[in-house]
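Visitor: Quick one, structure for this:
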Amino acid sequence: MLSQVPTQDACLSCGACCAFFRVSFYWAEGLNLPEHYTEPVTAVYSCMVGTNQSPPRCIALQGEIGQHVSCGVYHQRSESCKDVQIADVQCNKARRAYNLIPLLAIETTPAEHFDQVS
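Guide: Next up is the predicted model:
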């Protein structure tokens, strides 16, 4: 299968997860978001407007999927958004749905494990 190594800013040219999954979270996580950005799912869970429909697309997603995107509430986004990481199973599932090449997860070693060059 064709795959590619992700760059640090791979999300900015993707956005597939924001238009594939329902972004639901405990209702209190939405208190710091604009009120019209969330809708109730149950008595204790809310979701981002646009993600509880078919096809889903988060109200905060700006731009064109697979080209150039950004999140209008990036610093206030929910834990469920933060849970999706570059090249993880959820990321690649969303990417495949948009015919984007899956990303290859690369394990990195923290810098403190390397000898310093003097």
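
Visitor: Can you list the low-confidence ranges for the protein?
Guide: 1-3, 108-118 (pLDDT under 70).

Visitor: Recalculate using a threshold of 90.
Guide: Residues of the chain meeting the criterion pLDDT under 90: 1-9, 104-118.

Visitor: which residues sit against the longest helix along the chain?
Guide: Of all the segments assigned as helix in the chain under DSSP state H, the longest by residue count is helix 89-97. Contacts made with helix 89-97 from outside it, assessed by Cβ atoms under 8 Å, 6 or more residues apart in numbering, are listed as 14, 16, 17, 19, 20, 21, 83, 84, 85, 101, 102, 103. Using the backbone N, CA and C atoms, a C-beta is placed for each residue, glycine as well.

Visitor: Going by neighbour count, which of those comes out on top?
Guide: Neighbour counts for the contacts of helix 89-97 (other Cβ atoms under 10 Å) peak at residue 17, which has 26 neighbours.
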